[in-house]
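Undergrad: this one's sequence-less:
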């Protein structure tokens, strides 16, 4: 069976710095019909929809969730989750959109050998532990505002705060290319839309690639209603057409961060979770992850801790956009810089873009 079910939790769109939803999660599951029926029996339901939001509000419901998260159904053969620290993702978007543009114009590919990962971690680390934290917070907020509004006031506000952050702290050399990016800001902002820094679609494509490689086959997708996925439907449909036409594929990206192109998707359908039990199970997993992180200090902290101690957090195939405390080049020494730049590949092979 190659049908993969998706659901998300903690989605705040381009509002990546939402205080109440600091973590985003996208869960993908591959339970067949018989396995889904067995899990229905596990939850003691026949037709009713199961939903994390309702289950967590009662003692028996929370027990069912924890029992499921510690059951044999939580296994890498069934599940690949993706979770994102949205503040770190904001730092990464500053690198992807601003710093990468500056280095590209100097003839340097920042994605080779994981240099973009190092830059993202440096900004996150210094911003939280070395620099003026209040100005750093405003710096991140003004970046998001600039991406969303794309007007002159938001642009000037962002670069004013960047300069203030740069001037008030030591070890701010890494902000120099951010300041330099002002020379290119019009060309950076023009093609962006209201989903450009949202992480839903990019994480979705990574999980699709992981599943097609794991199953060694093309996959069918069932995704709970998603504005982001619907927004990129033209791109997905063109990829489905290419997948059907082409026998040959190419790996784009560098080293361990490569992805098969065209994406090995046979079909995609946006569905009502009430009609798809697989999507309901993806909801339980995605919502458990975000609840564990977003409610660490709530009255349900015990429940959060139980989730973190469950089998779900022991999965070794979990994907993440998350800060690391190892910021050294040595940590990425295995990176050889071998591969194809994805943006360069798409620009070269599809200069007209996607419809």
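TA: Yep, that arrived. The shown structure was predicted, so the numbers you read here are calculated from the model rather than taken from an experiment.
Undergrad: for this structure, give me the ranges with low pLDDT.
TA: Counting by pLDDT under 70, the ranges of the chain that qualify are 1, 296-297, 326-337, 349-355.
Undergrad: neighbours around residue 43, how many?
TA: Residue 43: 19 surrounding residues under other CB atoms under 10 Å. C-beta: built from backbone N, CA, C; applies to glycine.
Undergrad: surely it and residue 65 touch.
TA: No. Assessed by CB atoms under 8 Å, residue 43 is found out of contact with residue 65, at 9.3 Å.
Undergrad: my read: residue 54 touches residue 61, true?
TA: Yes. Shown here, residue 54 and residue 61 form a contact pair, counting by CB under 8 Å, at 6.8 Å.
Undergrad: between these two, which is the more surrounded one?
TA: Set residue 54 next to residue 61 and count neighbours by other CB under 10 Å: residue 61 wins out with 17 against 11.
Undergrad: what about the strands in the protein?
TA: Applying DSSP state E to the chain gives strands spanning 3-9, 23-29, 79-85, 219-224, 250-254, 257-261, 265-271, 319-321, 339-340.
Undergrad: point out the most buried one among the ones you listed.
TA: Of the strands of the chain, the one with the most neighbours on average (mean count of other CB atoms under 10 Å) is strand 23-29, at a mean of 27.
Undergrad: list of residues touching it?
TA: 4-12, 78-86, 89, 199-200, 203-204, 207, 211, 278, 281-283, 285-287, 289-290, 293-294 (CB atoms under 8 Å, 6 or more residues apart in numbering).
Undergrad: now it and strand 3-9, what's the angle there?
TA: Using axes from the mean of the first three to the mean of the last three CA atoms, to 10 degrees, the inter-axis angle of strand 23-29 relative to strand 3-9 is 160 degrees.
Undergrad: now the residue nearest to residue 205 when sequence neighbours are not counted: how far from residue 175?
TA: Excluding its sequence neighbours, the residue lying closest to residue 205 (CB to CB, 6 or more residues apart in numbering) is residue 263, at 6.3 Å. Residue 263 sits 35 Å away from residue 175, going by CB to CB, to the nearest Å.
Undergrad: of these two, which one has the most company?
TA: Taking neighbours as other CB under 10 Å, residue 263 and residue 175 compare with residue 175 leading, 24 against 20.
Undergrad: helices along the stretch 201-350 of the chain, start to end?
TA: Counting by DSSP state H, counting those that start in this stretch, the stretch 201-350 of the chain has helices at residues 227-231, 233-245, 277-294, 301-308, 342-349.
Undergrad: now the stretch 1-150 of the chain
TA: Counting by DSSP H, counting those that start in this stretch, the helices of the stretch 1-150 of the chain are 33-43, 52-55, 59-69, 86-94, 100-105, 115-129, 133-149.
Undergrad: what's the second one packed up against?
TA: In this structure, helix 52-55 packs against helix 59-69, helix 277-294, with contacts taken as 3 or more CB pairs under 8 Å, 6 or more residues apart in numbering; DSSP states H and E.
Undergrad: same thing with the longest one?
TA: Counting contacts by 3+ CB pairs under 8 Å, 6+ apart, helix 133-149 is packed against helix 86-94, helix 115-129, helix 152-168.
Undergrad: skipping adjacent residues, who's closest to residue 276 in space?
TA: That would be residue 222: by CB to CB, 6+ apart, it lies 5.5 Å from residue 276.
Undergrad: for the one you found, list each beta-bridge partner.
TA: Beta-bridge pairing for residue 222 (DSSP bridges): residue 5, residue 269.
Undergrad: and it, what does it touch?
TA: Contacts of residue 222 (CB under 8 Å, 6+ apart): 3, 4, 5, 6, 268, 269, 271, 276, 278, 279.
Undergrad: repeat that with 6 Å
TA: The contact partners of residue 222, by CB atoms under 6 Å, 6 or more residues apart in numbering, come to 5, 269, 271, 276.
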